[in-house]
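Engineer: Sequence and predicted structure, then a few things I'm wondering about:
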Amino acid sequence: MPEKPTTAAGYSPDQVARVKATCLYLATKLGDLMPELVVVGGLVPSLLIDQKKLAENVTPHVGTLDLDLGLAFALVGEQRYQEVAQRLRNARFSPDTNDEGKPTRQRWRISDPAVTVDFLIEPEQKC
């Protein structure tokens, strides 16, 4: 996974456009599950506010490199994440890898240059 930029210059408008396009594409593949998902993270400002129509004295949001989605606990608790994973595979997403090269369960990637999708899932509670 690429390093997160330390300045606004490190965020490409093309990458933000790819992340937005990935979000829309993913919505078409997970449509009936969308009530169980919420977009969080760096894409949110550009979805809520048109960054091209800001007042002159307002600095636009720098952007994002990936798509972060919060998953409802019910989706995970009912083991429906397996269905999500299969839909992602059918839509040409593949599991991403961690820094050690091992597949991750909660991060997927698509396209080249890649856009990653992080599913934010609450860790299982050990009783």
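Structural biologist: Thanks, I have the structure now.
Engineer: what about this structure, any weak spots by pLDDT?
Structural biologist: For the chain, the stretches flagged by pLDDT under 70 are 1-2, 73-79, 122-127.
Engineer: Tell me how many other residues surround Asp32.
Structural biologist: A count of neighbours around Asp32, defined by other Cβ atoms under 10 Å, yields 6. Every C-beta, even on glycine, is put in place using the N, C-alpha and C of the backbone.
Engineer: what about it, which SS state?
Structural biologist: Of the three states, Asp32 takes helix under DSSP: H, G, I helix; E, B strand; the rest coil.
Engineer: With Ser46 as the reference, measure out to it.
Structural biologist: Applying Cβ to Cβ, to the nearest Å, the value for Asp32 to Ser46 is 25 Å.
Engineer: out of everything not next to it in sequence, what's closest to Phe119?
Structural biologist: Counting by Cβ to Cβ, 6 or more residues apart in numbering, Phe119 lies nearest to Gln106, which is 4.6 Å off, once chain neighbours are set aside.
Engineer: For Ala21, pull up the helix or strand it's in.
Structural biologist: If you go by DSSP states H and E, Ala21 is part of helix 13-29.
Engineer: can you map out the helices along the chain?
Structural biologist: Taking DSSP state H, the helices of the chain run over residues 13-29, 44-48, 73-77, 81-90.
Engineer: what does the helix holding Ala21 rub up against?
Structural biologist: Contacting residues not belonging to helix 13-29 are listed as 34, 39, 43, 46-47, 63-67, 69, 87-88, 90-91, 110-111, 113, 115, 117 [Cβ atoms under 8 Å, 6 or more residues apart in numbering].
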